[in-house]
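>>> Here's my sequence, what's the structure:
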Amino acid sequence: MIDRPMEPVSGRDIELIEVQLGRMPRGGMQVAHRCPCGAPDVVRTTPRLDDGTPFPTLYYATCPRLAGAIGTLEASGLMREMEQRLTDDVELAAGYSTAHEQYLADRTAIAEVAELAGISAGGMPSRVKCLHVLAAHALAVGPGVNPLGDEVLAALTPWWSQDSCGERV
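Residues are numbered from 1 along each chain as shown. Now for the predicted structure:
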């Protein structure tokens, strides 16, 4: 389980997240990471939405700049390269599997959702299918937990560098 505290979501955070997503956010959430400008860029969501729908994405990137930068990496073929490395690098595969187990433990600590048993996100533990989830996980829990999420973050140029995200939203 993570040992980083999550922040409650304020009314202003909800307003910012709504602008970031272009819609009202769904389900309960906490701020898992903030951009250097102060705006939320990753939230931790409840594993079941208010209407009862299971929601497997525990850590969700809300910042459109962050999402866009990660999308560029996905388009570059990085996911295929990472997935190949999982088959070739036993140590990397073990670290990724540990990240998967930690993700499951984090979600279970909030609520057990039978429909999501054993399912984490981003393709863990054996595939790489969403860099957004891996980066959000790495931002939420800090470095050293999700090796591929850490690699995604290292490959990004600072998404906040142009001007303050908080002032734009």
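>>> buried set for the lengthiest helix in the chain?
In terms of residue count, the longest helix belonging to the chain (DSSP state H) is helix 90-110. Neighbour counts over helix 90-110 (16 or more other C-beta atoms under 10 Å) mark 92-93, 95-96, 99-100, 102-104, 106-107, 110 as buried. C-beta: built from backbone N, CA, C; applies to glycine.
>>> Could you single out the nearest of the residues you listed to residue 138?
Nearest to residue 138 out of these is residue 99 (C-beta to C-beta; 8.7 Å).
>>> and the residue nearest to that closest one when sequence neighbours are not counted, how many residues sit next to it?
Once flanking residues are discounted, residue 99 sits nearest to residue 146: 3.9 Å by C-beta to C-beta, 6 or more residues apart in numbering. The local packing of residue 146 (other C-beta atoms under 10 Å) involves 30 other residues.
>>> Centre-most residue in the chain?
Nearest to the mean C-alpha position of the chain, by C-alpha atoms, centre = their mean, lies residue 136 at 2.2 Å.
>>> Show me what whichever strand or helix holds that one packs onto, helices and strands only.
Assessed by DSSP states H and E, residue 136 sits inside helix 131-141. Counting contacts by 3 or more C-beta pairs under 8 Å, 6 or more residues apart in numbering; DSSP states H and E, helix 131-141 packs against strand 29-34, strand 40-45, strand 59-61, helix 64-75, helix 90-110, helix 147-155.
>>> one more time with 7 Å, if that's ok
strand 29-34, strand 40-45, strand 59-61, helix 64-75, helix 147-155 (3 or more C-beta pairs under 7 Å, 6 or more residues apart in numbering; DSSP states H and E).
>>> which helices and strands does the first one pack with?
Other helices and strands packing on strand 29-34, by 3+ C-beta pairs under 7 Å, 6+ apart, are strand 7-8, strand 40-45, helix 131-141.
>>> Partner strands of the first one, with direction?
In the sheet, strand 7-8 lines up against strand 29-34 (antiparallel) (DSSP bridges).
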